[in-house]
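> Task: produce atomic coordinates for the following.
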Amino acid sequence: MDINFNKNEDHNKLLLSELNKKFRKVSLGGGKARIEKLHEKGKMTARERIDYLLDKNLPSIEIGAFAGEDMYKEHGGCPSGGVVVKIGYISKKQCIIVANDATVKAGAWFPITGKKNLRAQEIAIENKLPIIYLVDSAGVYLPMQDEIFPDKEHFGRIFRNNAVMSGKGIIQIAAVMGSCVAGGAYLPIMSDESIIVDKTGSIFLAGSYLVKAAIGEVIDNETLGGAITHTEISGVCDYKALDDKDALTKIKTLVDKIGDYEKAGFNRIDTKKPKEDPKDIYGILPISRSDQYEMKDIIKRIVDDSKFEEYKAGFGKTLICAYARIDGWAVGIVANQRKIIKNAKKEMQFGGVIYSDSADKATRFIANCNQKKIPLVFLQDVTGFMVGSKAEHGGIIKDGAKMVNAVGNSVVPKFTIIIGNSYGAGNYAMCGKAYDPRLIVAWPSAELAVMSGKSAAKVLLQIEKASLQKQGKEITKKDEEELYNKIKSRYDLQTSPYYAAARLWTDGIIDPLDTRKWISMGIEAANHAPIEKKFNLGVIQV
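Numbering: from 1, shown residues only. This next block holds a predicted model:
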């Protein structure tokens, strides 16, 4: 171990410590005082409900834990988007669970809440995964109704998806464990089966105050839409539960009876742990995002037995394409090489940059994985495609377009891990969010942007200087330095993995040691959905 390894390790473990600290904060939702008030009512929190529901001895992953991070400050914040989403196992069956967090504005829906719910449904639809809704929400957050109510990807899309999933035979079970009002009342009833908790659960299109205002009828909420009303009079719900635990136990019983699913047939054998210690990742990954390192050393600490078969190893070396196994699952890995290398012509090529030969290799490899029904894993640490006259004359745009075409038309499930840089068109070619990865997560070391903070600040500084000079203002060296630092600090904030996770550009920020678990559970989920389309690369310029 050298001194750089130790410095890297200290830095990356500090990033991990910050991640854990931030997660502990958001996991409290609206705070301890509101959690205590919930408990006084005999109710469990969203996370307690999910923990009770999931099998204790099996793994789980949380989607969008940092959704809403540092957003909506003027409204008091919205930790985790006011809803908790996890993929885990109920009665040994993989499911996705969506639980409103009533400690955050009584579970009201902010714009990010809607986006997160839609992401959960997207995962269920893509993977034909059973979805469980634990409903406890006051409905749309009225001060922001214009950003959550009327558009295509807003609140109403949830119920459209309920209908679509039902038509596709995707199992939906809902438990009403608190308020379920107005348009939100349709969600549990559009599910296959619904449960309502006595005395705490309620469903109605309009509450007692609105009913009185609208038609003059005086009635209490329990009589209007409580558990007895909806299981004995209206027939809206299928089961009445005594309390939260009784409702969750009923869900376990219902899931336990679900039959087996048709499998996609991805190849899996017995798992083997990596021979190389995964904890070495902390020491391998450099402090600076511009420093070089050997990506193969990272791959060895992620794949089974630390073994992989590299495709076209001597060609297009700034991209590593390899077959391997992760937790027994066969995978095709596309990873950015992060060290300076020489090509066959003895020309220097920069690490993290995609060249024409690399793009050409990746296109062929992606096609092979589609041909052989092998899921794809993208390990991103990319600064973009090569620029300059030589690259342009060599057709970099054409070769890049081929790779983007292959990624876009790929029919096997794709999983993206953002290890370091994720800049510009490199983000797209390496299966960024726009290219429908089944799951996309970032390590704490990740940065997402059109370009690096340094590069962007230099470009923006030139534009700002030109503008000021046109106004006849003189720019001193000190002024220039202050302006540069101001621009860079603002831009750096937007490249943070937390900025991306807050807006659900990624599904989460994870400990690098959890990478194998996320990919394995992701492929298992994808295995629920047989591939129905054929891979077609479309029209490309050869």
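
> give me every residue that touches Val85.
Taking C-beta atoms under 8 Å, 6 or more residues apart in numbering, we find Val85 in contact with Glu62, Ile63, Gly64, Ile96, Ile97, Val98, Ala99, Lys116, Arg119, Ala120. C-beta coordinates here come from the backbone N, C-alpha and C atoms, glycine included.

> which one among the residues you listed gets closest to Gly29?
Ala99 (10.6 Å; C-beta to C-beta).

> So Ile333 versus Lys312, what's the distance?
13 Å (C-beta to C-beta, to the nearest Å).

> out of these two, which sits in the busier spot?
Shown here are Ile333 and Lys312; by other C-beta atoms under 10 Å, Ile333 has more neighbours (25 against 18).

> CA-only coordinates of the strand or helix carrying that one in CSV, if you can.
Assigned by DSSP states H and E, Ile333 falls within strand 329-336. Taking C-alpha atoms only, strand 329-336 is exported to CSV below (Å, rounded to 0.1, in the frame of the first residue of the first chain):
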residue,chain,number,x,y,z
TRP,A,329,-25.6,-13.5,-12.9
ALA,A,330,-23.8,-13.3,-16.4
VAL,A,331,-23.2,-9.7,-17.3
GLY,A,332,-21.6,-7.6,-20.0
ILE,A,333,-19.6,-4.8,-18.6
VAL,A,334,-18.8,-1.5,-20.5
ALA,A,335,-16.4,0.6,-18.4
ASN,A,336,-14.4,3.8,-19.0
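
> Overlap of the contact sets of Ile333 and Lys312?
Cys321.

> check contacts around Ile96.
Ile63, Val85, Lys86, Ile87, Ala120, Ile123, Ala124, Leu129, Pro130, Ile131, Ile132.

> In terms of helix, strand or coil, where does it fall?
Recorded secondary structure, Ile96: strand (DSSP: H, G, I helix; E, B strand; the rest coil).

> Residue ranges in this protein under the pLDDT threshold?
1, 183, 541-542 (pLDDT under 70).

> Next, count neighbours for the closest residue to Asp246 other than its chain neighbours.
Once flanking residues are discounted, Asp246 sits nearest to Val197: 7.6 Å by C-beta to C-beta, 6 or more residues apart in numbering. Here the count is done by other C-beta under 10 Å, and Val197 has 27 residues near it.

> for the one 4 residues further on, same thing?
Counted with other C-beta under 10 Å, the burial measure for Gly201 works out to 29 neighbours.

> surely it meets Gly226?
Yes - when contacts are counted by C-beta atoms under 8 Å, Gly201 is listed as touching Gly226 (7.2 Å).

> Which stretches in the stretch 101-250 of the chain count as helices?
Shown for the stretch 101-250 of the chain, the helices assigned by DSSP state H, counting those that start in this stretch span residues 111-127, 156-168, 186-189, 208-215, 221-225, 227-228, 244-256.

> so which of those gets nearest Lys488?
helix 111-127 (27.1 Å).

> Quick one: work out the angle between that closest one and helix 156-168.
Inter-element angle recorded for helix 111-127 and helix 156-168: 10 degrees (by axes from the mean of the first three to the mean of the last three C-alpha atoms, to 10 degrees).

> Tell me the buried residues in helix 111-127?
111-121, 123-127 (16 or more other C-beta atoms under 10 Å).

> Test my guess that Asn6 contacts Gly283.
Yes - counting by C-beta under 8 Å, Asn6 does reach Gly283; the two are 6.9 Å apart.

> out of these two, which sits in the more crowded spot?
When Asn6 and Gly283 are compared for neighbours, Gly283 comes out ahead with 21 against 12, by other C-beta under 10 Å.

> That one touches Asp10, doesn't it?
No - in this structure, Gly283 is not within contact of Asp10 by C-beta under 8 Å, at 9.0 Å.

> before we move on, the earlier item: out of the contacts of Val85, the closest to Asp492 would be?
Using C-beta to C-beta, the contacts of Val85 come closest to Asp492 at Gly64, 23.0 Å.

> Pull the contacting residues for the closest residue in space to Trp109 that isn't next to it in sequence.
Nearest residue to Trp109, sequence neighbours excluded (C-beta to C-beta, 6+ apart): Val140, at 5.1 Å. By C-beta under 8 Å, 6+ apart, the residues touching Val140 are Ala108, Trp109, Ile148, Phe149, Phe155, Ala182, Gly183, Gly184.

> Next, Tyr52: secondary structure please.
Tyr52 ends up helix, using three-state DSSP.

> which residue packs closest to it, ignoring adjacent ones?
Nearest one to Tyr52, counting by C-beta to C-beta, 6+ apart, is Leu248 at 5.1 Å.

> That neighbour is in contact with Val197, isn't it?
No - contact criterion C-beta under 8 Å: Leu248 and Val197 do not qualify, at 9.7 Å.

> Going by distance to Arg34, which of the buried residues of helix 111-127 wins?
Thr113 (16.6 Å).
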